[in-house]
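**Student:** The following block contains a protein sequence and its predicted model.
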Amino acid sequence: MSDGYDQVAIVTGADSGIGKATAVTLAEQGFDVGITYHSDEDGAKDTAEQVRGLGKAAAVRRHDLTDPERAASVVDELAEELGGVGVLVNNAGTGSAEPLIDMGYGRWREVLAVDLDGAFLCAQRAARRMIASTRGGRIVNVTSVHEEYPRVGAGPYCAAKGGLRMLSRVLALELAEYGITVNTVAPGEIATPMTGQEDQPPRTGSRPGYPVPRPGHAREVAAVVAFLAGPAASYVTGSSVFVDGGLGLMGPQAAGALGSGDWRRG
């Protein structure tokens, strides 16, 4: 297989944060971009305008992953409008802040549907098209440091992101013969609306417990996604790349520095 896959990328949840930064970065690298959003239509339109401002085509669709089977059809719609799909970035996600013992099954399933079921079905749609094209492609699944490390109050999110890591590895095995790579990017705390912050330059020194003492910027995650989406990453598959400023290294170090048990309450 060559690296001549379709120069069309679909980025889910591209109305803000990491998704928006990724869509723009991929456009800078020459991709036309399909953009999905759940509720922020204005944000998605702004992303599309930025992509078009770089001389690339953009298409926008609403994407409600609480109904993942119906939502996955958007991959086919965007591929038809843009003339193929060579890259899929599964970025859309949701979270929770509730102890597992208090959580209703409906909330559990809602998070799993968005963060895991939706990613599976979108990857399946995209992979089928990549295989049919015989030109290969790239699938990048945006997970979290919580694909590896647990957090109180985030049970279904952690379970979904851990599941997405293993889903990606199985897909990497199954799709390699078709010239399709599958990897995950695992961000730490990134200054985006999802973490209660605006898209703004993170302030150095604001997170003294992190080896790099600040939150990350969405563009720093987008740069790693874009590398994995590009031809230079043709021999990288089944990998997880952590973009967390060293946060994941701090387990024993940080545990020994805690002076109270407040962490048990999230």
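**Tutor:** That came through fine.
**Student:** so the nearest residue to Gly118 once chain neighbours are set aside, which of the three states?
**Tutor:** Once flanking residues are discounted, Gly118 sits nearest to Leu65: 3.6 Å by C-beta to C-beta, 6 or more residues apart in numbering. Using the backbone N, CA and C atoms, a C-beta is placed for each residue, glycine as well. The three-state label given to Leu65 by DSSP: H, G, I helix; E, B strand; the rest coil is coil.
**Student:** Count the neighbours of Leu65 for me.
**Tutor:** 28 (other C-beta atoms under 10 Å).
**Student:** Is it in contact with Arg109, as I believe?
**Tutor:** No: using C-beta atoms under 8 Å as the test, Leu65 is too far from Arg109 to be in contact (12.0 Å).
**Student:** how much space between the residue nearest to Gly118 and Glu110?
**Tutor:** Distance, Leu65 to Glu110, using C-beta to C-beta, to the nearest Å: 9 Å.
**Student:** go on, Leu121?
**Tutor:** Distance, Leu121 to Glu110, by C-beta to C-beta: 15 Å.
**Student:** check which helix or strand covers Ser73.
**Tutor:** Here Ser73 sits within helix 68-82, counting by DSSP states H and E.
**Student:** any idea of the mean pLDDT in that helix?
**Tutor:** For helix 68-82, mean pLDDT rounds to 95.
**Student:** just the strands in the chain please.
**Tutor:** All strands of the chain, identified by DSSP state E, fall at 8-11, 32-37, 58-62, 87-90, 137-142, 180-187, 240-243.
**Student:** could you dump those strands to JSON lines with mean pLDDT, mean neighbour count and distance to Met166?
**Tutor:** Formatted as JSON lines, the strands of the chain follow (pLDDT from 0 to 100; neighbours: other C-beta atoms under 10 Å; distance: least, C-beta to C-beta, whole Å):
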{"stretch": "strand 8-11", "mean pLDDT": "98", "mean neighbour count": "31", "distance to Met166": "22"}
{"stretch": "strand 32-37", "mean pLDDT": "98", "mean neighbour count": "28", "distance to Met166": "24"}
{"stretch": "strand 58-62", "mean pLDDT": "97", "mean neighbour count": "19", "distance to Met166": "28"}
{"stretch": "strand 87-90", "mean pLDDT": "98", "mean neighbour count": "30", "distance to Met166": "14"}
{"stretch": "strand 137-142", "mean pLDDT": "98", "mean neighbour count": "28", "distance to Met166": "11"}
{"stretch": "strand 180-187", "mean pLDDT": "98", "mean neighbour count": "26", "distance to Met166": "10"}
{"stretch": "strand 240-243", "mean pLDDT": "98", "mean neighbour count": "19", "distance to Met166": "10"}
